[in-house]
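[1] Here is a sequence together with a model predicted from it:
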Amino acid sequence: MSTKDLLASYITELRRGSLIMAVLGCLHKPQYGYELLQTLKQKGIEIEANTLYPLLRRLDKQGVLQNEWDTSESRPRKYYVISSEGERLFQELVNEWNLMQQSMEGIIHEQEEK
């Protein structure tokens, strides 16, 4: 495997690990799937629809999200919003993210000083 391919693989792995936190962070107001895709894209997070929709269903099934159908338009849309349990989980993930970020910054700065 080339260095370029290896880097691409590692970047994908790194992004995959933070998608749940990004999705939860964007769902403090109700959004339907395509709208959420656009929100994430505007925030610099690229995610494929075939990755997002199964993730939404899984988080909903786990009780981290709630959903509601809006049938007032010609095309019904399923809106997702973070649940109270999801909010607690999100806060814990943010805390862990901050701790990990501080640790990584220490490692990176240590290497830069050499």
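    Okay, I see it.
[2] Just after the helix or strand harbouring T39, pick out the following helix or strand.
    Assessed by DSSP states H and E, T39 sits inside helix 33-42. Scanning forward in sequence from helix 33-42 by DSSP H and E, the next helix or strand is helix 49-61.
[3] and the helix or strand following that next one, what does it pack onto?
    Moving toward the C-terminus from helix 49-61, the next helix or strand (DSSP H and E) is strand 65-70. Under the contact criterion of 3 or more C-beta pairs under 8 Å, 6 or more residues apart in numbering; DSSP states H and E, strand 65-70 touches helix 49-61, strand 77-82. In short, each C-beta sits where N, CA and C put it, glycine included.
[4] what does strand 65-70 contact?
    Contacting residues not belonging to strand 65-70 are listed as 24, 27, 30, 32, 56, 59-60, 76-83, 86 [C-beta atoms under 8 Å, 6 or more residues apart in numbering].
[5] quick one: buried residues of the longest helix along the chain?
    Scanning the chain for the helix with the most residues, using DSSP state H, yields helix 84-112. Within helix 84-112, the residues scored as buried using 16 or more other C-beta atoms under 10 Å are G86, L89, F90.
[6] List the buried residues of stretch 69-85.
    R77, Y79, Y80, I82, S83.
[7] before we move on, back to that, in JSON lines: the buried residues of helix 84-112, plus distance to T3 and pLDDT.
    Shown next, in JSON lines, are the buried residues of helix 84-112 (distance: C-beta to C-beta, whole Å; pLDDT from 0 to 100):
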{"residue": "G86", "distance to T3": "38", "pLDDT": "98"}
{"residue": "L89", "distance to T3": "36", "pLDDT": "97"}
{"residue": "F90", "distance to T3": "35", "pLDDT": "97"}
